[in-house]
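1. 3D model of this:
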Amino acid sequence: MLHKRSDEPAYWNDWDNFCRVVEAGSFTGASDLTGIPKSSISLSLSRLEARLGNRLLDRTTRKIRVTDFGETLYARIQPLLNELREADNDARSNRQKVSGTLRLAAPYETGWLHLAPALGKLLKAHPELKVEIDDTRKIPNLLEQRYDVAFVKTDARLPDSSLVSKRVVAMERAFFAAPEMISRRGLPRKLQDIASWPTIVDMDDDYWDLLEDGQEVERIALTPTIRTYNVEIRVRAATDGLGVVRLLPAYVEEQLRRGSLVRLFPQQLSSPLKVYALTPARRLVPAKVRALLEALDVPTVET
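-> This is a model prediction of the structure:
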């Protein structure tokens, strides 16, 4: 056990550096995250351990391990530091200028439906800002690839990480099929009726479900005819009568008007697809990022 020094003053940056090391998994990662030299972070942790009289981290030449004592303190202090950072960000961001280049990663469909309208509002309000958007569905390494925000589509909870996640929107999904397919197989009354139909699915789909009053009432396993991330291929394949498809209604408004697709189970929906905005955990959220999230009307806190 370390020698306890109760007379030492509390350096709250030491606590902040400790949380960053836990989140990054290493002193090097914490240094990359904060911009503080690794040697300074190591000294900061040693000072904190001396003050507490107990070890927070077990260090080896290759990795660190958080002690039970460290895990207990991290769980208690990390939410408090996040609140302080948020208050500090709110106070300081008002004086920042929205300019420079905003680098984004987003799936194509998210950009089309939600990001493009927000960017129109953002760039009209801040004409000195420039935007670069990469079309990607995987969660990138925001620090290494220097993205300010990454948008991720998922119908499940995000994995734990050192990123800050804010939910942008939950998008309702429904089922559609071509009239010729319905005439051949009959109008389905329940989800199980389409279990034997050919299906056209997203790459991430393992099953389809049907909700009633927000609660799952049915679920079917999938053996798809076509599996692709490309929503345009899925729409075209469904319109050509190749299978039933689950999509956002906004994707097929024109096909529904023309009658080339019909909505199945019109009084029910499938589980929503959630879109999250991921940002690096920083001491100060850049003004351009904050302005984008405000344009998207993102909730202040979302985990």
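
2. What's the separation between the residue lying closest to Tyr229 once chain neighbours are set aside and Arg227?
-> In space, not counting the residues next to it along the chain, Tyr229 is nearest to Met203; the distance is 4.9 Å by Cβ to Cβ, 6 or more residues apart in numbering. C-beta here means a position set from N, CA and C on the backbone, and glycine is covered the same way. Separation of Met203 from Arg227 (Cβ to Cβ, to the nearest Å) stands at 6 Å.

3. Looking at the two now, which is surrounded by more residues?
-> Under the neighbour definition other Cβ atoms under 10 Å, Met203 and Arg227 were set side by side, and Arg227 has more, 14 against 10.

4. Surely the more buried one and Pro198 touch.
-> No. In this structure, Arg227 is not within contact of Pro198 by Cβ atoms under 8 Å, at 11.6 Å.

5. quick one: what helix or strand has Asp16 in it?
-> Counting by DSSP states H and E, the element that carries Asp16 is helix 12-24.

6. Mind listing what's buried along that helix?
-> Under the neighbour-count criterion of 16 or more other Cβ atoms under 10 Å, helix 12-24 has 14-24 buried.

7. immediately after it, which helix or strand?
-> helix 27-34.

8. Would you mark the buried spots in that following helix?
-> Of the residues in helix 27-34, 27, 29-34 count as buried by neighbour count, 16+ other Cβ under 10 Å.

9. show me where the stretch 201-303 of the chain has strands.
-> 207-212, 215-221, 226-227, 244-247, 262-264, 270-279 (DSSP state E, counting those that start in this stretch).

10. Packed most tightly, which of these would that be?
-> For the strands of the stretch 201-303 of the chain, the largest average neighbour count (mean count of other Cβ atoms under 10 Å) is found in strand 244-247, namely a mean of 24.

11. Give me the distance from that strand to the chain's centre.
-> Between the centre of strand 244-247 and the centre of its host chain there is 23 Å, according to Cα atoms, centre = their mean, to the nearest Å.

12. Packing partners of that strand?
-> Judged by 3 or more Cβ pairs under 8 Å, 6 or more residues apart in numbering; DSSP states H and E, the packing partners of strand 244-247 are strand 164-177, strand 199-201, helix 231-239.

13. Regarding this protein, what is its longest helix?
-> Counting residues, the longest helix in the chain under DSSP state H turns out to be helix 68-93.

14. Can you list the low-confidence ranges for the stretch 1-150 of the chain?
-> Filtered on pLDDT under 70, the stretch 1-150 of the chain yields the residue ranges 1-9, 61-62, 86, 88-96.

15. what's the burial count for Ile77?
-> Ile77 has 15 neighbours, counted by other Cβ under 10 Å.

16. hang on, I meant Ala250
-> The criterion is other Cβ under 10 Å. On that basis, Ala250 has 11 neighbouring residues.

17. One more: Gln192?
-> One way to gauge burial is a neighbour count; for Gln192, by other Cβ under 10 Å, it gives 12.

18. Next, work out how far apart Glu218 and Thr28 are.
-> Per Cβ to Cβ, Glu218 is found 49 Å from Thr28.

19. The helices and strands packed on strand 244-247: which one's closest to Lys121?
-> In this view, the helices and strands packed on strand 244-247 are compared for proximity to Lys121 by Cβ to Cβ, and strand 164-177 is the closest at 14.3 Å.

20. List the pairing partners of the closest one within its sheet, with orientation.
-> Looking at strand 164-177 with DSSP bridges, its paired strands and their directions are strand 244-247 (antiparallel), strand 262-264 (antiparallel), strand 270-279 (antiparallel).

21. Show me the one of these that comes nearest Ala118.
-> Going through those one by one, with Cβ to Cβ as the measure, strand 270-279 comes closest at 10.4 Å.

22. now the closest residue to Ile133 other than its chain neighbours: how far from Asp240?
-> Of all residues beyond its chain neighbours, the one nearest Ile133 is Leu104 (4.8 Å), with distances taken as Cβ to Cβ, 6+ apart. Applying Cβ to Cβ, one obtains 33 Å for the distance of Leu104 from Asp240.
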